[in-house]
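S.K.: Predicted structure and sequence below. I'll ask about it afterward.
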Amino acid sequence: MNNELVSAVEVFGGSEELGVAVAELMVAEIRRDPEAVVGLATGSSPVAAYSAWGEMARAEGLDQSRVRGFALDEYIGIDPSHPESFHAVVAREAIGLAGLVPSQVRVPQAASFSETAAAGAEYEEAIRAAGGIGVQILGIGRNGHLAFNEPGSDPDSRTRGVTLTAETRSDNARFFDSVDEVPEYAITQGLGTIFEARELLVIATGGAKAAAVAAAIQGPETLDVPASLLRRHPRVRWFLDEAAAAELDRDRL
């Protein structure tokens with residue numbers, strides 16, 4: 001990927017078509033740089049992209065053995081072997097579907113909130129040592145959060161421990177037996193960390209994300225909608241399905 005300024009919003013008919021578009025960019029990045037450093041989001045929105053990425057890589061015999069990956073976040077205190085830990089999700093999707101090498105992919109981790117300062121500093125140093133993230137895949141929460149940077153997060157924040165809002169825990173309850181099982185705390189890359197990536201690919205699917213997408217792209221820039229701060233970045237691409245784009249004013253895109 002070259003260095004021209006890019007800020008684009010693309011709307012697709014479905015998740016499969018969207019996933020192929022994202023995958024084409026990721027495969028091109030790795031073809032350009034076999035030691036690419038990529039940022040990995042979890043959640044349902046990127047799954048089609050990871051699947052298409054892996055299919056493309058296998059079809060052309062792309063060597064991904066030297067690709068480094070850094071996940072955005074993880075719940076605090078959850079066992080990495082828990083099926084809904086982000087360690088497990090990344091293993092199923094970014095590693096299992098996209099075809100990355102397990103030893104080359106890192107996920108932040110802290111057993112307790114008191115460990116997050118040290119764990120966050122160590123994660124930041126690991127990203128720096130890798131040369132920084134080239135392309136970061138992102139999702140967006142219903143309240144406009146990025147990773148686990150909830151409304152009000154400092155734009156210059158680094159990897160740290162955070163308290164999850166009731167809305168975020170409710171949204172994530174679908175992955176657990178009940179909302180009571182969703183952890184209250186997490187460790188997350190900060191907005192400042194995320195915005196240092198060279199290029200940001202934001203994926204949003206489904207009508208539940210439509211209001212947040214519209215606020216982020218066409219609403220006022222505000223800390224109340226962390227994703228609205230994405231417009232400060234010179235290279236952001238939005239990948240939306242029709243449902244997620246439903247509240248956008250298409251004439252203003």
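M.R.: Everything's here; your move.
S.K.: longest helix of the protein?
M.R.: helix 15-32 (DSSP state H).
S.K.: buried residues in it?
M.R.: For helix 15-32, a neighbour-count test (16 or more other C-beta atoms under 10 Å) marks 15, 18-23, 25-27, 29-30 as buried. Placement of C-beta: from N, CA and C, glycine included.
S.K.: Export the residues you listed as JSON lines, with columns for pLDDT and distance to Trp53.
M.R.: Below are the buried residues of helix 15-32 laid out as JSON lines (pLDDT from 0 to 100; distance: C-beta to C-beta, whole Å):
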{"residue": "Ser15", "pLDDT": "95", "distance to Trp53": "14"}
{"residue": "Leu18", "pLDDT": "98", "distance to Trp53": "12"}
{"residue": "Gly19", "pLDDT": "98", "distance to Trp53": "8"}
{"residue": "Val20", "pLDDT": "98", "distance to Trp53": "9"}
{"residue": "Ala21", "pLDDT": "98", "distance to Trp53": "11"}
{"residue": "Val22", "pLDDT": "98", "distance to Trp53": "7"}
{"residue": "Ala23", "pLDDT": "98", "distance to Trp53": "4"}
{"residue": "Leu25", "pLDDT": "97", "distance to Trp53": "9"}
{"residue": "Met26", "pLDDT": "98", "distance to Trp53": "5"}
{"residue": "Val27", "pLDDT": "98", "distance to Trp53": "6"}
{"residue": "Glu29", "pLDDT": "97", "distance to Trp53": "10"}
{"residue": "Ile30", "pLDDT": "98", "distance to Trp53": "9"}
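S.K.: Could you give the average pLDDT over the helix or strand where Thr168 lies?
M.R.: Assigned by DSSP states H and E, Thr168 belongs to helix 166-172. The average pLDDT within helix 166-172 is 91.
S.K.: hey, C-alpha coordinates of it in CSV?
M.R.: What follows is helix 166-172, C-alpha atoms only, in CSV (Å, rounded to 0.1, in the frame of the first residue of the first chain):
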residue,chain,number,x,y,z
ALA,A,166,-23.2,-1.7,30.6
GLU,A,167,-24.1,-1.3,26.9
THR,A,168,-20.9,-3.0,25.8
ARG,A,169,-21.3,-5.8,28.2
SER,A,170,-24.9,-6.2,27.1
ASP,A,171,-23.9,-6.3,23.4
ASN,A,172,-21.2,-8.9,24.2
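S.K.: Tell me how far it lies from the chain's centre.
M.R.: 17 Å (C-alpha atoms, centre = their mean, to the nearest Å).
S.K.: which residues touch it?
M.R.: 141-143, 145, 148, 150, 164, 179, 182, 184 (C-beta atoms under 8 Å, 6 or more residues apart in numbering).
S.K.: close enough to count as contact, Glu74 and Gln109?
M.R.: Yes - assessed by C-beta atoms under 8 Å, Glu74 is found in contact with Gln109 at 5.7 Å.
S.K.: Between the two, which is the more surrounded one?
M.R.: Set side by side, Glu74 and Gln109 show more neighbours around Glu74, with 25 against 21, by other C-beta atoms under 10 Å.
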